[in-house]
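Asks: turn this into a model:
(2 chains)
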Protein chains: 2
Amino acid sequence: MSKHVTFKPYDLTIEVADGENLLRAALTAGVHINASCGGEGVCGKCRVLLESGELESTRSGLISDEDWGLGYRQACLSWVNADVVIRIPPESLLDRRTLTRRRAGIGLRPSPIDLAALKAAGLYDPAFQKKFLELPPPSLADNACDLSRLEQGLARSHGLDNIVHDFFLLRKLAEVMRQDNFRVTATLDFAQRRSRKPRIVDVEPGDTSERHYALAIDIGTTTVWVQLLDLAAGTIVGHAADYNSQMSYGDDVISRIVFSQKGDGLQKLQRSVVATINQVMHRLLKKHKLPVAEISHLTVAANTTMTHLFYGIDPKYIRLSPYTPAACHTPPVRARDLGVEVPDHVFIYSVSSVSSYVGGDIVAGVLSSGIYKDPKLTLFIDIGTNGEIVIGNQQWLACAACSAGPAFEGGGIKYGMRATAGAIEEVSINPQTYEPMLLTIDMVKPKGICGSGLINILAAMMEAEIISPNGKFKDDLDTPRIRQGEEGREYVLALAPDTESGEDITLSEADIDNLMRAKGAMFAGYVTLLENVGLKLQDLEQVILAGAFGNFINIDNAITIGLLPDLPRENYHYVGNASLQGASLLAFSRELLEEERRVAEMMTNFELSETPGYMDQYIAALFLPHTKMDYFPSVVERLKGAKE
Amino acid sequence: MSKHVTFKPYDLTIEVADGENLLRAALTAGVHINASCGGEGVCGKCRVLLESGELESTRSGLISDEDWGLGYRQACLSWVNADVVIRIPPESLLDRRTLTRRRAGIGLRPSPIDLAALKAAGLYDPAFQKKFLELPPPSLADNACDLSRLEQGLARSHGLDNIVHDFFLLRKLAEVMRQDNFRVTATLDFAQRRSRKPRIVDVEPGDTSERHYALAIDIGTTTVWVQLLDLAAGTIVGHAADYNSQMSYGDDVISRIVFSQKGDGLQKLQRSVVATINQVMHRLLKKHKLPVAEISHLTVAANTTMTHLFYGIDPKYIRLSPYTPAACHTPPVRARDLGVEVPDHVFIYSVSSVSSYVGGDIVAGVLSSGIYKDPKLTLFIDIGTNGEIVIGNQQWLACAACSAGPAFEGGGIKYGMRATAGAIEEVSINPQTYEPMLLTIDMVKPKGICGSGLINILAAMMEAEIISPNGKFKDDLDTPRIRQGEEGREYVLALAPDTESGEDITLSEADIDNLMRAKGAMFAGYVTLLENVGLKLQDLEQVILAGAFGNFINIDNAITIGLLPDLPRENYHYVGNASLQGASLLAFSRELLEEERRVAEMMTNFELSETPGYMDQYIAALFLPHTKMDYFPSVVERLKGAKE
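Replies: Prediction:
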């Protein structure tokens, strides 16, 4: 049930979910209300007047009895349970709406796969299928071995020949065949890579053809996701996730590779990620009351380093020039050979990588977003420490990894932090007073700034005109918010009394410089890849944002700072955890399972540091939004509008 | 260096190996000399006179000084080191030679494979091959993954494409490639069954293409043989054997199957035979100073039960009607999954079985003897408790197992024993005196009678006319050698003072009855198979004897008793340990490795108990040599000759 909130004096009405916080509703609507405590209710600046309807508000000591009686409430301590009309008091009144409506955060949850579309496209055709068989029991006149009986049954009832089989099947075959008088269900694998022979994977007594599951796994450097797929019904049953327990050996891929080179480091890392997978998998299966025996196979997508570590393959040369992985492709591997706690016959299929820094997670994204068969010229981006870029269409694909640095993950920024409770995420800055309006994750006292928050702050600073295109604060602003700090000039986002730590939270010119380098590296990457295939930025027809971070990015703000190319919003698409989706698609579609290596091989890898023109593009991008302003016509308009 | 021995008064000269025992030389020449102590020198009956030349003789107390001076020697205590003329003294003089020349025993050692013939036939083409490659080291301009570099090298230097690879290769690839600056040797498997894709199995630094080995294994119920093959040179390096340590869980396949059904019996049996294989393998490799890392694959042949037990597959239904194995064919299996102590990448290829009692050992024999591509109608026999029979040619093959019973292995015969020291093996009976001439294995005091000895005794009794065609002793013979024993009438082969145990060694009518049933089951098998495909015994063109027992059979005697069909001797061939040979051939010939399953499937299995006519044939065969004497024209001639 949604409710309506009308903001006066703008007469702007938006629809919000029942129970929405009023400060968040204002931010979503693009209505500025001063707020510097991140939503915790301690600064008292977000006073609003309830003109009609009912709010569920908590009263703090910051509102007098008289004001409470008049209808004043703190927006951050109010929740919308009915249609309301809210007036923004004059002290916070703005004559222009400078904020765009914010996309509702999808969060880390995987986006749903469009199974209907998959089925409509004829791609819903799992490589693993179950076939029920009623076999004639043996007699002295026909005492062929159980395996031949099974093969003959598959030939007779399902027209299958040239069948091969998994060895471990043989150990239980005799008993299983006799348990229900030679009525059995065979699990078949139709996707032995580069071979078209069906392979008998498992056999169960009776008709179990309706009980057939697979697991798709996304091994992120930080998080491991497991999705449970019902192959008989063609549905996603559920998912579960946990931190990759390799985290205790290092935060990023480089520190993991370094650790892998020490003693039995590689083994430790391998066992560690497998332990996480086992734990998440068992929890997921328990939740859905499924025995592990009903899992026929696993599919995995991960970046190149995570793939190496999962398989126990030495990743040493990934971090040493010229950056060669040991293998970008692995054959199906028996899961128990890796320590994954599934039955003997279960194999793991993983998505191929392209290069050391364009991994199976990106190829999975290319598969799940369908770029490789889309006629439109598409830019696929996954932003992180290494921002991965893919550009192309159904005919060609070029890709590269940009060393964007850790700025978007909070690294190299004085008050940078991961996107957890207390991270400043949404910001607006009053263009007259230069006062900020902050919203933190979980609406607790501010602790620092997360990656999407940094993008939003930078865009807000540009719109409020407190920074110049070169990333420096303007000299002539009359505000205590801008001051000389220990590391040069800085903007004070939150003052000590309002913060978790009791110290000011600021963003300095040095921080802004790091952000500009990060966004510049990405942008230079797009332009360089395009130029190297003879195209221009303007030729781009759509942009796909993948990855957890992509989900939280405010696209308009990211375009404003020059991180994303200036395309109309409708040409942008979020695909959420595209890596997990790609892994799931492998289980749902035999064609994709068979094609994935071909798609990976279709992706031409560019080492940007070696690619002509990249450094020039990088230098040109160290500007807000860019030295070449005609790359960003809508930003020019927007900033012009902000000034009026 | 061979020597000549002339026997007087026959003026018969034979050539013998330097150092040959004189009693054995006489037996080989068909010269009867009384001898009842098996060759140990204690009965003193085998006196001969040295007329010219020199013998190396040991003097016992049984020859007086005077006789020694005259040139009398004990044949069993004399060895031939020079050309000699020997006179048989009148007391032993026979006017007819009733013994045939005996084939020199090959022993248990595997017969050599005719590698020259294999090469001439274009079949020498191992499925596993090593290829040396000098790869370009990676650079920033070419930083494809190590695996791609390897694949590209194989494509460029050796024209190979569609390459797949073994997962475990990837774990060492990066280091191996860099150890000798991208000069590597790849081991390739060209025989993924039913698929033609080369598979990279292993990679080693530098050029190791001259160092490439495989192991062929014959898992017998009693003995495990391992043969070391040099695939680079195309030679057999050596072999080693030991008793199958499963022996402690039961002597024969049936008792092993029974044991496998008790608790963790199957696991125990599996581990037990693998322990034997590991032990024999390591001993063999140590002897030839080869590291196990140079073994690229293993090939195995064994009967159906041994195959099941080796792989840990439940053999339960092999012994229960309608006698269905779980699987007659196993895909390549990673050796370490079975506990075989070889590197991770080593797979085991085994020869397919046909049915519960016609196993991979027989199919290996069919492969190594080449029946499946021979235009001649051939009978292939492996005689044991279960005598396996294959009949056919390049166009069809029929097979069956005969339950011959354990008689030929010494079972069910009062003084039957295995073919070890002291077993009476060679026998002649003086047709006038009915005195026997015995030779035991290792020429020690007689302990009992082995299988080939039983055949020889029965033939000797037929020739000496002491038994009738119905297997009963004749009534009218005046000799103390035939007497009434506890279990009916019996012939005394050795008297108590001459034997190991100090009791008489006899062969009774009950024993003879068991022997007749055993040989009758086999013979009825040949005839039944032939009749079921519309052919007659006379259509047979050649006979191949396989197996350890086959090596020791005196063919003329076996024909005489009606165990083997009456074909000219030149149409008989021994193939020794055909199972081990077949396993070796799989390693030497890709075609055979790929074809073996097809050959097994070409072999139509007959369950004799269910096959029309078998029982009638069996009854008809319970006669010496057979109720239908025209099956055995040469025997009729021989027996007639013996009487003259």
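
Asks: now stretch A:281-295: buried residues?
Replies: A:Met281, A:Leu284, A:Leu285, A:Leu290, A:Val292, A:Glu294, A:Ile295 (16 or more other C-beta atoms under 10 Å in any protein chain shown). Glycine gets a C-beta too; all of them are placed from N, C-alpha and C.

Asks: ok, what's across the strand from A:Ser57?
Replies: Here A:Ser57 sits in beta bridges with A:Ser78, going by DSSP bridges.

Asks: roughly how far apart are whatever residue of the stretch 351-500 of chain A ends up closest to chain B and A:Ser260?
Replies: Closest to chain B within the stretch 351-500 of chain A is A:Ser355: 6.9 Å, counting by C-beta to the nearest C-beta. Going from A:Ser355 to A:Ser260 by C-beta to C-beta, to the nearest Å gives 19 Å.

Asks: the more surrounded of those two?
Replies: A:Ser260 (28 against 25; other C-beta atoms under 10 Å in any protein chain shown).

Asks: now for the helix or strand bottoming out on mean pLDDT in chain A, which elements pack on it?
Replies: Least confident helix or strand, chain A: helix A:547-552 with a mean of 79, by mean pLDDT, DSSP states H and E. Here helix A:547-552 touches strand A:378-382, helix A:451-463, strand A:572-576, going by 3 or more C-beta pairs under 8 Å, 6 or more residues apart in numbering or on different chains; DSSP states H and E.

Asks: now render the buried residues of stretch A:281-295 as TSV, adding secondary structure.
Replies: Compiled in TSV, the buried residues of stretch A:281-295 are given as follows (DSSP: H, G, I helix; E, B strand; the rest coil):
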residue	secondary structure
A:Met281	helix
A:Leu284	helix
A:Leu285	helix
A:Leu290	coil
A:Val292	helix
A:Glu294	helix
A:Ile295	strand
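
Asks: can you pull the contacts of A:Asn557?
Replies: By C-beta atoms under 8 Å, 6 or more residues apart in numbering or on different chains, the residues touching A:Asn557 are A:Thr100, A:Ile455, A:Asn456, A:Leu458, A:Ala459, A:Ala460.

Asks: if you set the cut-off to 10 Å instead, what comes out?
Replies: Contacts of A:Asn557 were listed using C-beta atoms under 10 Å, 6 or more residues apart in numbering or on different chains, and they are A:99-100, A:102, A:426-427, A:452, A:454-460, A:462-463, A:563-564.

Asks: could you do A:Gly582 as well?
Replies: By C-beta under 10 Å, 6+ apart, the contact set of A:Gly582 is A:113, A:216, A:218, A:299, A:301, A:351, A:360-369, A:546, A:575, A:592, A:596, A:599.

Asks: now do the host helix or strand of it: distance to the chain's middle.
Replies: Here A:Gly582 sits within helix A:578-588, counting by DSSP states H and E. On the basis of C-alpha atoms, centre = their mean, to the nearest Å, helix A:578-588 sits 13 Å off its chain's mean C-alpha point.

Asks: give me the mean pLDDT for it.
Replies: Here helix A:578-588 scores 94 as its mean pLDDT.

Asks: can you check stretch A:461-479 too?
Replies: Per-residue scores along stretch A:461-479 average to 93.

Asks: what's the end-to-end length of it?
Replies: 13 Å (C-alpha to C-alpha, to the nearest Å).

Asks: tell me which residues of it come out buried.
Replies: Under 16+ other C-beta under 10 Å, the buried positions of stretch A:461-479 are A:Met461, A:Met462, A:Glu463, A:Ala464, A:Ile466, A:Ile467, A:Gly471, A:Phe473, A:Thr479.

Asks: which of the residues you listed sit farthest apart?
Replies: Largest separation among the buried residues of stretch A:461-479 by C-beta to C-beta: A:Gly471 and A:Thr479, giving 18.0 Å.

Asks: ok, A:Ile236 - contacts?
Replies: A:Pro110, A:Pro112, A:Ile113, A:Leu115, A:Ala216, A:Gln227, A:Leu228, A:Leu229, A:Asp230, A:Gln581, A:Ser584, A:Phe588.

Asks: ok, A:Cys145 next?
Replies: A:138, A:151, A:170, A:173-174, B:304, B:317-318, B:324-329, B:352-356.

Asks: try A:Ala233
Replies: Contacts of A:Ala233 (C-beta under 10 Å, 6+ apart): A:Leu115, A:Glu210, A:Arg211, A:His212, A:Tyr213.

Asks: need the buried ones from those selected in PyMOL.
Replies: Only the buried members of the contacts of A:Ala233 end up in this PyMOL selection, burial being decided by 16+ other C-beta under 10 Å:
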select buried, chain A and resi 115+211+212+213
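
Asks: in helices only, show me the contacts of A:Ala233.
Replies: With helices taken from DSSP state H, the overlap with the contacts of A:Ala233 comprises A:Leu115.

Asks: number of nearby residues for the residue in the stretch 501-644 of chain A that chain B sits nearest to?
Replies: Nearest residue of the stretch 501-644 of chain A to chain B: A:Glu610, at 4.8 Å (C-beta to the nearest C-beta). Number of residues near A:Glu610 (other C-beta under 10 Å) recorded here: 12.

Asks: surely it and A:Asn532 touch.
Replies: No: contact status for A:Glu610 versus A:Asn532: not in contact, 11.1 Å apart, counting by C-beta atoms under 10 Å.

Asks: how many other residues sit next to the closest residue in space to A:Thr560 that isn't next to it in sequence?
Replies: Nearest residue to A:Thr560, sequence neighbours excluded (C-beta to C-beta, 6 or more residues apart in numbering or on different chains): A:Ala459, at 4.1 Å. Residues within reach of A:Ala459, counting by other C-beta under 10 Å, total 30.

Asks: how near is A:Ala459 to A:Pro436?
Replies: The value you get for A:Ala459 to A:Pro436, if C-beta to C-beta is used, is 13 Å.

Asks: mutual contacts of those two, please.
Replies: A:Val427, A:Ser428, A:Ile429.

Asks: tell me the one of these nearest B:Val31?
Replies: Checking the shared contacts of A:Ala459 and A:Pro436 against B:Val31 by C-beta to C-beta gives A:Val427 as the nearest, at 116.0 Å.

Asks: residues of the stretch 351-500 of chain A that sit close to chain B?
Replies: Taking C-beta under 10 Å from any C-beta of the partner chain, the part of the stretch 351-500 of chain A that reaches chain B is made up of A:Ser352, A:Ser353, A:Val354, A:Ser355, A:Ser356.

Asks: hmm, 8 Å instead?
Replies: Counting by C-beta under 8 Å from any C-beta of the partner chain, the residues of the stretch 351-500 of chain A close to chain B are A:Ser353, A:Ser355, A:Ser356.

Asks: the first one sits in which helix or strand?
Replies: If I follow you right, that is A:Ser353. When elements are defined using DSSP H and E, A:Ser353 is found to belong to no helix and no strand.

Asks: what's near enough to touch it?
Replies: Residues near A:Ser353 by C-beta under 8 Å, 6+ apart: A:Asn303, A:Thr304, A:Thr307, A:Pro325, A:Cys328, A:His329, A:Gly359, A:Gly360, A:Val363, A:Ala600, B:Cys145.

Asks: are we agreed that the fifth one is in a helix?
Replies: It stands for A:Cys328. No: under three-state DSSP, A:Cys328 falls outside any helix and is assigned coil.

Asks: that one against B:Ser148, yeah?
Replies: Yes: here A:Cys328 reaches B:Ser148: they are 6.6 Å apart, a contact under C-beta atoms under 8 Å.

Asks: end-to-end on stretch A:330-337?
Replies: Distance across stretch A:330-337, first residue to last, is 14 Å (C-alpha to C-alpha).

Asks: cool, and stretch A:297-308?
Replies: Terminal residues of stretch A:297-308 lie 20 Å apart, using C-alpha to C-alpha.

Asks: contacts for the least confident helix or strand of chain A, please.
Replies: A:105-108, A:220, A:223, A:381-384, A:408-409, A:419, A:425, A:450-452, A:545, A:574-579.

Asks: pull out the buried residues from those.
Replies: The buried subset of these (16+ other C-beta under 10 Å) comprises A:220, A:223, A:381-384, A:408-409, A:419, A:425, A:450-452, A:545, A:574-579.
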